[in-house]
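> Just the structure for this:
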Amino acid sequence: MFNKLAVQKALKRSWSLDTNPGWTPDNPSDGLGSITSQLIHDIFGGEILKTRKKKGWHFYNRVDGEYIDFTKSKMDNSSEDKDNRFEDLPSTPDETQNYFEQEDYSTLFMRFIWAYEEVIGLNKYKYRVTA
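Sure, this is the predicted structure:
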């Protein structure tokens, strides 16, 4: 089952300057649409969708029939975005990979897995090695 709230919490803990040079605490998901939609697709399946924006393509997902845009920020509530409906154009992992570095994706992927395990409570089951 896809737990949207748990995924959102884990993403917020995972996004950083290491995964996006434009990251800021005020808008941590800015510029992370492609890498985040790829991560969600790889882990939870579903579809990657895109729509045109003034700054270029914006990527998001549809999982289990629900549209999910984890990178939509408070700043996205501008008049431009209110008037601009999402086009829901199909995209592919190959296309989204053109917008980020593989090293950044690997970093985000590992951070997300650790954060997600913590959010849903799996970290208490990790094997602990003692010296």
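> pLDDT at the closest residue to V63 other than its chain neighbours, what is it?
The shortest distance from V63 to any non-neighbouring residue, by C-beta to C-beta, 6 or more residues apart in numbering, is to G46 (3.5 Å). For the C-beta atoms, the positions are set from N, CA and C on the backbone; glycine is no exception. G46 carries a pLDDT value of 95.
> ok, G46 to P93 distance?
G46 is 12 Å from P93, where distance means C-beta to C-beta, to the nearest Å.
> Between these two, which is the more surrounded one?
Applying other C-beta atoms under 10 Å to G46 and P93 shows that G46 carries more neighbours, namely 18 against 11.
> To which secondary structure element is the most centrally placed residue in the chain assigned?
Nearest to the mean C-alpha position of the chain, counting by C-alpha atoms, centre = their mean, stands T36 at 2.4 Å. Using DSSP states H and E, T36 maps to helix 33-44.
> in that helix, what counts as buried?
Residues 33-41 are the ones in helix 33-44 that count as buried (16 or more other C-beta atoms under 10 Å).
> wait, which of these is closest to P21?
The shortest approach to P21 among the buried residues of helix 33-44 belongs to I35, at 11.9 Å (C-beta to C-beta).
> So which residues of the protein form strands?
For the chain, applying DSSP state E gives strands covering 47-53, 56-63, 66-68, 89-90.
> list the helices and strands the third one packs on?
Contact analysis of strand 66-68 by 3 or more C-beta pairs under 8 Å, 6 or more residues apart in numbering; DSSP states H and E lists strand 56-63 as its packing neighbours.
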